[in-house]
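Novice: Predicted model and sequence follow; I will ask about them next.
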Amino acid sequence: MRMLRDRRLAALLAAEVVSSTGTQMTWVAIPWFVLRATGSPQRMTWVIIAEVLPVALLGFWGGAIAARVGTRRTMLVCDLARAPLFASIPALHALGLLPFPALLAIVAASGVFLAPYFSVQRSVVPELVGEEQTTVAQATALFQAANRLTIFVGPPLAGVLISLIGASPVLYVDAASYLLSFLLLALFVHPPQVETEERPSVLAGVRFLLRDRLLRVWTPAFTLIDVCWMLLFASLPVLVVSHYHANPRILGWLFGALGGGALVGAFVSMWTVRRFDDPLALGTVAFALQIASLWILTVPAPWPVPFAAMALAGFAMSNVNAPIQTLTMLRMPKEVRTQGVAAFGVFQCIASPVGLLLAGWALSRYDPRSVLVVVLGAKTIAVVAFAAAAIAERSSLRAATVDSAL
């Protein structure tokens, strides 16, 4: 509550809630719209690829642009550009002027503005609260709580609205959310300008990730983890169509369970990051709980079982993100932080299009639970790699502490 007395932080938090709620509704509405209109899981995955691919292709330059333009201006431009793009989808559909290639082009255009926005979304937090790790971790946990609230509210609301008015009109809500976010940022959020004597190159963040002994292992591990999340999200609509009577409300509840668990986990993480000053241990334990929970999705069972699995996974996800995102961000020097965060995000997105193509092919031929077995097997390997690097880093830090004491 003390943090929210800062009007800039409160407005940024409100903008996050508003825009992310619309975005979460879109994550349900667009895949469902394509899947029900075409009956093709492959086309559904192509739409997801269209949004992710620009982030992978343009993310390095997005980070460099954001470093030069500034965090606030970057977020304002991206919000203002995405509003008309998403509003055009239902408008063109209502006029009968939305062939599938046009839908791909619009979604891809929105992804172009997602790349620089992603670069500044996390790096803006230290600009507002300072560089002390516990403070940044608590602020990160607060923003995690806000984001998880939107996952809890957005997908179930989308499921209800889709069943009442259809999928495409829901996108008007998303467009309006970006406009409201723009106004909040424009009126209230003015982070201090961070001046640097030199402008780091586009690849400065990549070079730092390759030099850092922990991040050069975590980067490919998180790349595989994020690919698996994308494949899991692509599998859920097909799972609902195949095994749960094609009920869009159940799809919304599954995504909402992830958000509800993550919301609870975010509030818990506010306490854990203050109580336990060991982000490596916190992240490793939470990741183990998350992967164990997700394996429940592969078990044939009534929908409350995957609902519970998604809730547990969401709880663990927040307890991973708050300490690990903070540690990752603060390991990067200020002068390359925006590029480093952008590069980390690009590597997380870069393999997703290939994975989604494979998922579209697999989901059109095999049972979605079988596809999930393969996806979660790959995710388990990535989590093991993350944990091994974290344990090795903790051992090195302890050895360094002992040497300095001697």
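Specialist: Received it, and whenever you're ready, just let me know what you need. These numbers come from a predicted model, not from an experiment.

Novice: List the residues that contact Ile250.
Specialist: Contacts here follow CB atoms under 8 Å, 6 or more residues apart in numbering; on that basis Ile250 touches 159, 240, 244, 303. (Glycine included, C-beta is placed from N, CA and C.)

Novice: Check which residues of whatever helix or strand the first one lives in are buried.
Specialist: If you go by DSSP states H and E, Gly159 is part of helix 133-165. Going by neighbour count (16 or more other CB atoms under 10 Å), the buried part of helix 133-165 is 133, 135-159, 161-162.

Novice: in terms of contact, does Leu180 touch Val18 like I think?
Specialist: Yes: counting by CB atoms under 8 Å, Leu180 touches Val18, with 4.9 Å between them.

Novice: With neighbour numbers in mind, choose between the two.
Specialist: Legend: neighbour count by other CB atoms under 10 Å for Leu180 and Val18, higher for Val18 (22 against 16).

Novice: which element is the closest residue in space to Pro84 that isn't next to it in sequence on?
Specialist: Spatial nearest neighbour of Pro84, excluding adjacent residues (CB to CB, 6 or more residues apart in numbering): Ala175 at 7.0 Å. Assessed by DSSP H and E, Ala175 sits inside helix 170-188.

Novice: again with Arg43
Specialist: Counting by DSSP H and E, Arg43 is part of helix 41-69.

Novice: Next, the buried residues of the next helix or strand after that helix.
Specialist: Once the chain leaves helix 41-69, the next helix or strand it forms, by DSSP H and E, is helix 71-94. Of all the residues in helix 71-94, those buried under the rule 16+ other CB under 10 Å are 71-72, 74-83, 85-93.

Novice: Which parts of the stretch 201-350 of the chain are helices?
Specialist: Per DSSP state H, counting those that start in this stretch, the stretch 201-350 of the chain carries helices over the ranges 204-211, 215-243, 248-275, 279-294, 304-331, 334-350.

Novice: The shortest one: which residues count as buried?
Specialist: What that stands for is helix 204-211. Using 16+ other CB under 10 Å as the test for burial, helix 204-211 gives 204-206, 208-209.

Novice: got the contact list for that helix?
Specialist: Contact partners of helix 204-211, identified using CB under 8 Å, 6+ apart, comprise 60, 63, 215-216, 219, 332-333, 336, 338-344, 347.

Novice: now, among those, which is nearest to Ala292?
Specialist: Nearest to Ala292 out of the contacts of helix 204-211 is Thr219 (CB to CB; 24.1 Å).

Novice: In contact with the closest one, which residues?
Specialist: By CB under 8 Å, 6+ apart, the contact set of Thr219 is 209, 344, 347.

Novice: where does the stretch 151-300 of the chain dip in pLDDT?
Specialist: Along the stretch 151-300 of the chain, the model assigns pLDDT under 70 to residues 151, 191-202.

Novice: now Ser395: how far from Phe386?
Specialist: 15 Å (CB to CB, to the nearest Å).

Novice: The two: which is more packed in?
Specialist: Higher neighbour count among Ser395 and Phe386: Phe386, with 23 against 10, using other CB under 10 Å.

Novice: Please report the distance of the residue nearest to Ser364 when sequence neighbours are not counted from Ala29.
Specialist: Spatial nearest neighbour of Ser364, excluding adjacent residues (CB to CB, 6+ apart): Pro41 at 4.9 Å. Separation of Pro41 from Ala29 (CB to CB): 17 Å.

Novice: Phe307 too?
Specialist: Using CB to CB, one gets 20 Å for the distance from Phe307 to Ala29.

Novice: thinking again about what came up before, so which of the contacts of helix 204-211 would you say is closest to Leu185?
Specialist: Nearest to Leu185 among those, with distances taken as CB to CB, is Thr338, at 17.0 Å.

Novice: before we move on, the earlier item: now the contacts of Thr219 in CSV, with distance to Glu127?
Specialist: Output for these, formatted as CSV (distance: CB to CB, whole Å):
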residue, distance to Glu127
Leu209, 21
Phe344, 18
Phe347, 23
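
Novice: for the closest residue to Pro300 other than its chain neighbours, phi and psi?
Specialist: Closest residue to Pro300 apart from its sequence neighbours, by CB to CB, 6+ apart: Arg369 at 6.9 Å. Main-chain dihedrals, Arg369, degrees, to the nearest 10: phi -70, psi -30.

Novice: quick one, what contacts Arg369?
Specialist: Counting by CB under 8 Å, 6+ apart, Arg369 touches 239, 243, 297-298, 300.

Novice: how about a cut-off of 10 Å?
Specialist: 235, 239, 242-243, 297-300, 306 (CB atoms under 10 Å, 6 or more residues apart in numbering).

Novice: Pull out the buried members of those residues.
Specialist: In the contacts of Arg369, burial by neighbour count holds for 235, 239, 243, 297-298, 306, counting by 16+ other CB under 10 Å.

Novice: Using a markdown table, please lay out those residues together with distance to Val55.
Specialist: Listed next are the buried ones among the contacts of Arg369 as a markdown table, based on distance: CB to CB, whole Å:
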| residue | distance to Val55 |
| --- | --- |
| Ser235 | 21 |
| Leu239 | 25 |
| His243 | 31 |
| Leu297 | 26 |
| Thr298 | 29 |
| Pro306 | 28 |
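
Novice: Just the closest of the residues you listed to Leu357, please.
Specialist: Looking across the buried ones among the contacts of Arg369 and measuring by CB to CB, the closest to Leu357 is Ser235, at 13.9 Å.

Novice: Touching, that closest one and Pro368? I think so.
Specialist: Yes: taking contacts as CB atoms under 10 Å, Ser235 lies within contact range of Pro368: 4.9 Å.

Novice: Now do the shared contacts for the two.
Specialist: Common contact partners of Ser235 and Pro368 (CB under 10 Å, 6+ apart): 41, 242, 297, 359, 362, 375.

Novice: contacting residues around Ser235?
Specialist: Counting by CB under 10 Å, 6+ apart, Ser235 has contacts 41, 45, 242, 297, 359, 362-363, 368-372, 375.

Novice: Tabulate those in JSON lines, adding columns for distance to Met230.
Specialist: Formatted as JSON lines, the contacts of Ser235 follow (distance: CB to CB, whole Å):
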{"residue": "Pro41", "distance to Met230": "14"}
{"residue": "Thr45", "distance to Met230": "9"}
{"residue": "Ser242", "distance to Met230": "19"}
{"residue": "Leu297", "distance to Met230": "15"}
{"residue": "Ala359", "distance to Met230": "8"}
{"residue": "Ala362", "distance to Met230": "13"}
{"residue": "Leu363", "distance to Met230": "13"}
{"residue": "Pro368", "distance to Met230": "14"}
{"residue": "Arg369", "distance to Met230": "18"}
{"residue": "Ser370", "distance to Met230": "18"}
{"residue": "Val371", "distance to Met230": "13"}
{"residue": "Leu372", "distance to Met230": "13"}
{"residue": "Val375", "distance to Met230": "9"}
